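*Asks:* following is a predicted model, sequence given first.
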Amino acid sequence: MQLHKVLKRQLINTHLDVDSVPNTLENWHAFLDRVNNFYNEADEERYLLERSMDLSSHEIMELNEQLENAQEIAELGYWHYNVSNGKLTWSKELRKIFGINDNDDVPSYDEVMQLIHPDDRQVLQNHINAATQYGTKYELEMKYRKKDSDKYGWMYAVGGPFQPGVTPHNELSGIAMDITQRKEDELKLEELNKKLIDSARQVGMADVAVGILHNVGNVLNSANVSTGVLVESFKNSHFEKFFAICEIIAKHQDDFVNYVKNDDKGKLLPKYIVALGESLRSVYNSMSDEVANIDDKVQVIRGIVTAQQDLTNVKNYHEKINLKELMQHTILMSGIQFSRCKINLYEDYDEIPDVYLDRARLVQILMNLLQNAKDALNETGRIEDNNINITIRKSQDTNCISISVKDNGIGIAAENINKIFAYGFTTKKTGHGIGLHSCANAAKEMHGTLSVNSAGLNQGAEFRLELPLILDK
């Protein structure tokens, strides 16, 4: 009789023979006890194995969920393309980007090309050809549409050989990300800049527009830095590691449980994904801060443009104006970020009824005075104690209003005081000598005056605009 080696070992340990019965009851009990212990141990091992398999299945489901969440957070999808057999593999997020249901088949290569805008289709094809022939990576921005839509959005795509060091390059992989909102914001910013320039020209404020755009440019520079940080975040090694994990999972998707359980590298995968998830979360938090900064800067520009729109297509006529609101309106439209420029802005306004004035000319004057005050403070080189005081007063004696813009900047030399409003005269390196001259003329056209007072260089300056108080047409 051929016995199992474990049973045979138990017979030997209890001094029993296969061809004879136990000679004592004690020996028989000893044999049964050993066999029973073996079965108990086997049951425990089987339980632990089954429990381990349950845990592994649960962990795999959690890992898959974490991977999908990471892609959803980053709003990017992963793809793999086998050139030899034409098979395309898409992640869940990429399906979402293209509007493909989870139950539907992934589109074929030709079908995907039909979802790319005709103007970009050949460009993408050229990149793919170069990747398969020469093993080069590519990245581009292109227009695309969802499966059941005729409306095109924008996509940022990165691709290259699945295994760069292996030839021929019959497998490609990469990521795709919807950037429609970003591109629309860029177009809006371009349109807003055009509107700023057009509005400035319509009211004869070309110099003012330059000042506005300069300040808007500062806002855009900050937003551009945040955009650069975002772009670098997408290119960092964390995402490359994430793509590598996706590639490993795609490679072992048919025997993934066995791979994670038995392969030496596969055993390290769960902990590695958890650690990578923490790193991606940190990147996500950083990216969220940058996106919030971009949104904040866009809101600033939007406020400037909203204020500017009130002057679009305006004609030179007197209209009823609340001076306090108009002053605050003009401050916003100037685009000067006073806190960022380390400038303290102080406002003090008398309670004055609405008056009839030429809005366009008044804004032109105030914008120039604000910009000149800012420039005068910048010339001092100070990083603190930079002040601009704006006051609006009603004179009881002369029945007029007085608007003052005072700064503690570089001041005006005594010999220049009488020339400050002359056409072509300027003390700025990049000035044209037109701004204050046109302001003085605008004040005169409104039957008012624009004057200046300064104790000399480094003593600051005060510009005072006096206009008639007209309460009725």
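*Replies:* Yep, it's here.
*Asks:* now do the spatially most central residue of the chain against residue 75, distance only.
*Replies:* Nearest to the mean C-alpha position of the chain, by CA atoms, centre = their mean, lies residue 291 at 3.3 Å. Separation of residue 291 from residue 75 (CB to CB, to the nearest Å) stands at 11 Å. All C-beta atoms are positioned from the backbone trio N, CA, C, and that covers glycine.
*Asks:* could you do residue 287 as well?
*Replies:* Taking CB to CB, one finds residue 287 at 10 Å from residue 75.
*Asks:* comparing these two, which residue is more hemmed in?
*Replies:* Between residue 287 and residue 75, counting by other CB atoms under 10 Å, residue 287 is the more crowded of the two (17 against 13).
*Asks:* next up, identify which helix or strand that one is on.
*Replies:* helix 264-309 (DSSP states H and E).
*Asks:* domain-wise, how is the protein divided?
*Replies:* 5-52, 75-178, 182-314, 315-468 (automatic domain parsing).
*Asks:* for residue 69, which of these is the nearest?
*Replies:* Each of the domains of the chain has some distance to residue 69 by CB to CB; the shortest is domain 182-314, at 8.3 Å.
*Asks:* what mean pLDDT does the closest one have?
*Replies:* Averaged over domain 182-314, pLDDT sits at 71.
*Asks:* how near is residue 140 to residue 83?
*Replies:* Counting by CB to CB, the gap from residue 140 to residue 83 is 19 Å.
*Asks:* thinking again about what came up before, from what I can see the residue nearest to the centre of the chain touches residue 230, true?
*Replies:* Yes. Using CB atoms under 8 Å, residue 291 is in contact with residue 230, at 7.2 Å.
*Asks:* reformat the domains of the chain as a markdown table; add distance to residue 62.
*Replies:* Shown next, in a markdown table, are these (distance: least, CB to CB, whole Å):
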| stretch | distance to residue 62 |
| --- | --- |
| domain 5-52 | 15 |
| domain 75-178 | 15 |
| domain 182-314 | 9 |
| domain 315-468 | 45 |
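*Asks:* tally of neighbours for residue 396?
*Replies:* 7.
*Asks:* how near is it to residue 327?
*Replies:* 21 Å.
*Asks:* cool, and residue 104?
*Replies:* 59 Å.
*Asks:* same question, residue 347
*Replies:* 7 Å.
*Asks:* need the overlap of contacts for the two.
*Replies:* Taking CB atoms under 8 Å, 6 or more residues apart in numbering as the criterion, residue 347 and residue 327 both touch residue 390.
*Asks:* restrict the helix or strand where residue 392 lies to CA atoms and write it as PDB.
*Replies:* Counting by DSSP H and E, the element that carries residue 392 is strand 386-395. The C-alpha coordinates for strand 386-395 follow below in PDB (Å, rounded to 0.1, in the frame of the first residue of the first chain):
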ATOM      1  CA  ASN A 386       4.300 104.400   0.600                       C
ATOM      2  CA  ASN A 387       1.000 106.300   0.800                       C
ATOM      3  CA  ILE A 388      -1.600 107.600  -1.500                       C
ATOM      4  CA  ASN A 389      -4.400 109.800  -0.100                       C
ATOM      5  CA  ILE A 390      -7.600 110.500  -2.000                       C
ATOM      6  CA  THR A 391     -10.000 113.100  -0.800                       C
ATOM      7  CA  ILE A 392     -13.300 114.500  -2.200                       C
ATOM      8  CA  ARG A 393     -14.400 117.800  -0.700                       C
ATOM      9  CA  LYS A 394     -17.400 120.100  -1.300                       C
ATOM     10  CA  SER A 395     -16.700 123.800  -1.000                       C
END
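*Asks:* gap between that strand and the chain center?
*Replies:* Relative to its parent chain, strand 386-395 has a centroid offset of 39 Å by CA atoms, centre = their mean, to the nearest Å.
*Asks:* for stretch 338-354, same thing?
*Replies:* Counting by CA atoms, centre = their mean, stretch 338-354 comes out at 32 Å from the chain centroid.
*Asks:* tell me which residues in that stretch are buried?
*Replies:* For stretch 338-354, the neighbour count (16 or more other CB atoms under 10 Å) marks 343, 345, 349 as buried.
*Asks:* among the residues you listed, which one lies nearest to residue 122?
*Replies:* Closest to residue 122, out of all of the buried residues of stretch 338-354 and judged by CB to CB, is residue 343, at 52.4 Å.
*Asks:* all helices for the stretch 151-300 of the chain, in order.
*Replies:* Using DSSP state H, counting those that start in this stretch, the helices of the stretch 151-300 of the chain run over 180-202, 206-235, 237-251, 256-262, 264-309.
*Asks:* oops, could you answer that again for the stretch 1-150 of the chain instead?
*Replies:* 5-13, 25-74, 92-98, 109-114, 118-134.
*Asks:* try the stretch 301-450 of the chain
*Replies:* Counting by DSSP H, counting those that start in this stretch, the helices of the stretch 301-450 of the chain are 323-334, 359-378, 435-445.
*Asks:* need the winner for burial among those helices.
*Replies:* helix 359-378 (a mean of 23; mean count of other CB atoms under 10 Å).
*Asks:* now that helix against helix 435-445, angle please.
*Replies:* 150 degrees (axes from the mean of the first three to the mean of the last three CA atoms, to 10 degrees).
*Asks:* now do helix 359-378 and helix 323-334, the angle between them.
*Replies:* Using the same axes, to 10 degrees: helix 359-378 against helix 323-334 is 60 degrees.
*Asks:* are there helices or strands packed against helix 359-378, and which ones?
*Replies:* helix 206-235, strand 318-321, helix 323-334, strand 386-395, strand 400-407, helix 435-445, strand 461-468 (3 or more CB pairs under 8 Å, 6 or more residues apart in numbering; DSSP states H and E).
*Asks:* what's the helix or strand for residue 452?
*Replies:* Assignment of secondary structure by DSSP H and E places residue 452 within strand 449-453.
*Asks:* ok, what's across the strand from residue 81?
*Replies:* For residue 81, the beta-bridge partners under DSSP bridges are residue 88, residue 172.
*Asks:* give me the pLDDT value at residue 323.
*Replies:* Reported pLDDT for residue 323: 92.
*Asks:* wait, what's in contact with it?
*Replies:* 349, 352, 355, 392, 401, 403 are the contacts of residue 323 under CB under 8 Å, 6+ apart.
*Asks:* next up, the contacts around the third one.
*Replies:* With contact set as CB under 8 Å, 6+ apart, residue 355 has these partners: 320, 321, 323, 401, 469, 470, 471.
*Asks:* just the second one next, same as before
*Replies:* The contact partners of residue 352, by CB under 8 Å, 6+ apart, come to 323, 324, 392, 394, 401, 469.
*Asks:* 10 Å - rerun?
*Replies:* 322, 323, 324, 392, 393, 394, 401, 469, 471 (CB atoms under 10 Å, 6 or more residues apart in numbering).
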